[in-house]
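>>> Predicted model and sequence follow; I will ask about them next.
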Amino acid sequence: MNEQNFKNHTRLVAGYHGATYLLLLAYLAGCLITFFQAEEKMIRQMAIVMLIGGFVLVGLVWYARAFALKAQDRAIRAEENFRHYILSGKPIDKNLRLSQIIALRFASDDEFLALAQRAVAEKLSAKDIKMAIKNWRGDYHRV
């Protein structure tokens, strides 16, 4: 795997982010077309049932991703709080937003504490934090 940095740290999975969403969109479009072009009542009713099924699938895909990311975000917050405690003897500043903590996970131990303090003092965005990192620490296990 290539070394991670600010420019390549995002991860898109073609099968999930591309194919799944495109196929769901095509399925919903097909259901809508069938509904509006159907002349028989039975076919319209089937199109409605299929459309409802499509919306259920969209919800499943959306929430499966959202729940996995929420669990991962909680794990990152706990890991980075523990890391901060190991490096400083104190828990991480309560004024750090979750997005800032998630961005700080890429900072090396040498710059982590100073960057965490700077993030609070200057209210840095996650992008600003990532751009300020000099020694990138890759996260190769993100969902």
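Now that the structure is in, tell me what you want to look at. Residues are numbered from 1 along each chain as shown.

>>> For the nearest residue to residue 61 once chain neighbours are set aside, what are phi and psi?
Excluding the flanking residues, the one nearest residue 61 by C-beta to C-beta, 6 or more residues apart in numbering is residue 20, at 6.0 Å. Yep, even glycine has a C-beta here, placed from its N, CA and C like the rest. Main-chain dihedrals, residue 20, degrees, to the nearest 10: phi -60, psi -50.

>>> how many other residues sit next to residue 20?
Other residues lying near residue 20 total 15 when counted by other C-beta atoms under 10 Å.

>>> And the one 5 residues further on, by the same measure?
Neighbours of residue 25 under the rule other C-beta under 10 Å: 12.

>>> Show me which helix runs longest in this protein.
For the chain, the helix reaching the highest residue count under DSSP state H is reported as helix 41-88.

>>> Poorly predicted segments of this structure, please.
Where the chain drops to pLDDT under 70, the residues are 1, 5, 7-8, 11-12, 143.

>>> Any idea which residue is closest to the centre of it?
Centroid-nearest residue in the chain, with C-alpha atoms, centre = their mean: residue 69, separated by 5.3 Å.
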